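S.K.: Coordinates for the following, if possible.
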Amino acid sequence: MNSISIANVELTVDAEGRYNLNALHRASGGEKKDGPSYWLATEKAKELIVELSTTGFPVVAQIQPVNTIVGGNAPGTFAVEQVIVAYANWISPAFYLKVINTFLEAQRKMTPAQRLLQQAKALVVLEEKQWELEREQARVAKESAETKAQVVALVNGEDYFTIVGYTNLIGRKMPLDESQRLGKEASAVCRENGWETGHAPHPQYGSVKTYPREALEKIFH
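M.R.: As a prediction, the model looks like this:
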């Protein structure tokens, strides 16, 4: 739905169709006690936002019910229609009726083509959020695979580790270039002492070297 006007104040919308709560506050008369931040801090408002975030109606679960934009061309706090109506009801029953009637009238004036367009936009939002979720799941799965490959590599016995695996074991973090340097040192220690190195599978590099605990203890301690 496009922006609507209440009490001669335009309620602009953001890219995901949320309405400007600050504009609605101005339309109500703009009293400080009725500011959006006061209502959003109430338990009822928090419960509503959680409910919309988890169940949604009909597609609110796929977007943030409330979003605050700082700076830019259109700053402000934007909220979905359900939040807008609940906020109006908190201000006063009379203002609630004015807001709900305005929304109902806007719905009645929509042509069938406009309704289809609104539904299509909602589907686009759903698909975009689904793609984002799938990308995030793929990223987490990749990181998990890398971690499993790099943590403790059981090659030639239980006392062989990758550099990253050993640093994780002793609770030490380091950048990639430092890991590469330590790997060269560990290889040198193994050659000096006649110790064999091993290999562990790695999803990005194919395989990485593993070193006996004794060699790693020498370069880390």
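
S.K.: C-alpha from now on. contacts and neighbour counts both.
M.R.: Fine.

S.K.: Quick one: neighbours of residue 49, just the number.
M.R.: Residues near residue 49, counting by other C-alpha atoms under 10 Å, number 22.

S.K.: Can you check which strand is longest in this structure?
M.R.: Looking across the chain with DSSP state E, the single longest strand is strand 206-212.

S.K.: In the sheet, which strands lie alongside that strand, parallel or antiparallel?
M.R.: Strands that pair with strand 206-212, judged by DSSP bridges, come out as strand 160-161 (antiparallel), strand 198-202 (antiparallel).

S.K.: Need these in a markdown table (columns: distance to residue 107 and mean pLDDT).
M.R.: Formatted as a markdown table, those follow (distance: least, C-alpha to C-alpha, whole Å; pLDDT from 0 to 100):
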| stretch | distance to residue 107 | mean pLDDT |
| --- | --- | --- |
| strand 160-161 | 65 | 86 |
| strand 198-202 | 56 | 78 |
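
S.K.: So which of those strands is the most surrounded?
M.R.: The highest mean neighbour count among the strands paired with strand 206-212, using mean count of other C-alpha atoms under 10 Å, belongs to strand 160-161: a mean of 27.

S.K.: picking that back up, as CSV, the strands paired with strand 206-212 with distance to residue 177 would be great.
M.R.: Converted to CSV, these look like this (distance: least, C-alpha to C-alpha, whole Å):
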stretch, distance to residue 177
strand 160-161, 18
strand 198-202, 17
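
S.K.: For residue 31, find the nearest of those.
M.R.: Evaluated over those, closeness to residue 31 peaks at strand 198-202, with 61.3 Å, by C-alpha to C-alpha.

S.K.: Extract the C-alpha set from that closest one and format it as CSV.
M.R.: Extracted as CSV, the C-alpha positions of strand 198-202 are listed here (Å, rounded to 0.1, in the frame of the first residue of the first chain):
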residue,chain,number,x,y,z
GLY,A,198,50.4,-35.7,8.4
HIS,A,199,47.5,-34.2,6.4
ALA,A,200,43.9,-33.4,7.2
PRO,A,201,41.1,-32.6,4.7
HIS,A,202,40.1,-29.0,4.3
